[in-house]
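Enquirer: Sharing a model that was predicted from the sequence below.
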Amino acid sequence: MSSIGKIALFIDGSNLYATSKALGFDIDYRRLLSEFQSRGTLLRAFYYTTVIEDQEFSSIRPLIDWLDYNGYTVVTKLTKEFVDATTGRRKVKGSMDVELAVNAMELADHVDQIVLFSGDGDFRSLVESLQRRGVRVTVVSTLSTQPPMIADDLRRQADVFIDLAELKQKVGRDPIERAGSREVRQPPQFLARGTLKRDDRVE
């Protein structure tokens, strides 16, 4: 595949998790990085997720720590768990949409393409704004579930739509592996070469 310039990944963590689960596989985040490194110069890979306040152990904490050590810029926000008065079910209040959108606009002048891992229709206006600034936007979600995990207007707005089901062979975790548990904490090559440190600020 020919290089398509400078790329940044923006991963809506809970949305990608729900999409991959709906398709019946887990994401191998090391393979995901490698796949997009092969497509161009990967400048940043952001992962956004909420963490429930006052929860001593969160099931997502090992993943967050692994991503943080292995080349991802992890952005978290404390959120609150509450009981819905209507249904009586426990729900989590909190979204990373604003943080993701702000970071994407800040980086727009420094990349040629942004890859958004989300099917959330709220991102349609962000995609449109990025395109007006000359950035090509690829959206990764799926149409292969019933109902589809991607909002139709977001899919139509994107320059390129990639169905996550088509990436399964490239970014899916081998079923015999356990999620990120015993992997060696080793930075990927694009960080090891010193091209961009996690704490660097974009000028």
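Expert: Now that the structure is in, tell me what you want to look at.
Enquirer: Span of stretch 159-175 from start to end?
Expert: Using Cα to Cα, to the nearest Å, the end-to-end distance of stretch 159-175 comes out at 32 Å.
Enquirer: quick one: contacts of it?
Expert: Outside stretch 159-175, the residues within contact range by Cβ atoms under 8 Å, 6 or more residues apart in numbering are 16, 19-20, 23, 25-28, 31-32, 35, 131, 136-144, 150, 155, 179. C-betas here are computed from N, CA, C, even on glycine.
Enquirer: and what of stretch 125-137?
Expert: So stretch 125-137 is in contact with 4, 100-101, 104-105, 108-109, 111-116, 139, 154, 157-160, going by Cβ under 8 Å, 6+ apart.
Enquirer: change it to 10 Å
Expert: By Cβ atoms under 10 Å, 6 or more residues apart in numbering, the surrounding residues in contact with stretch 125-137 are 4-8, 10, 97, 100-102, 104-105, 107-116, 118, 120, 123, 138-139, 153-154, 156-161.
Enquirer: Quick one: buried ones out of these?
Expert: The neighbour count (16 or more other Cβ atoms under 10 Å) marks 6-8, 10, 100-101, 104, 107-108, 111-116, 118, 120, 123, 138-139, 154, 157-158, 161 as buried among the contacts of stretch 125-137.
Enquirer: Just the endpoints, please. Distance across stretch 146-160?
Expert: With Cα to Cα applied, stretch 146-160 spans 21 Å between its terminal residues.
Enquirer: Also stretch 114-122?
Expert: Distance across stretch 114-122, first residue to last, is 16 Å (Cα to Cα).
Enquirer: avg pLDDT for it?
Expert: For stretch 114-122, mean pLDDT is 97.
Enquirer: going forward can the numbers begin at 40, since that is how I track them
Expert: Shifting the count to begin at 40 puts that one at stretch 153-161.
Enquirer: out of the contacts of stretch 198-214, which are buried?
Expert: Among the contacts of stretch 198-214, those classed as buried by 16+ other Cβ under 10 Å are 55, 58-59, 62, 64-67, 71, 170, 175-182, 189, 194.
Enquirer: Okay, and which of those residues map to helices?
Expert: Residues of these located in helices (DSSP state H): 55, 58-59, 62, 71, 170, 194.
Enquirer: could you pull out the strands for the protein?
Expert: Assignment of strands within the chain using DSSP state E yields the ranges 45-51, 80-91, 112-122, 129-132, 152-156, 175-180, 199-202.
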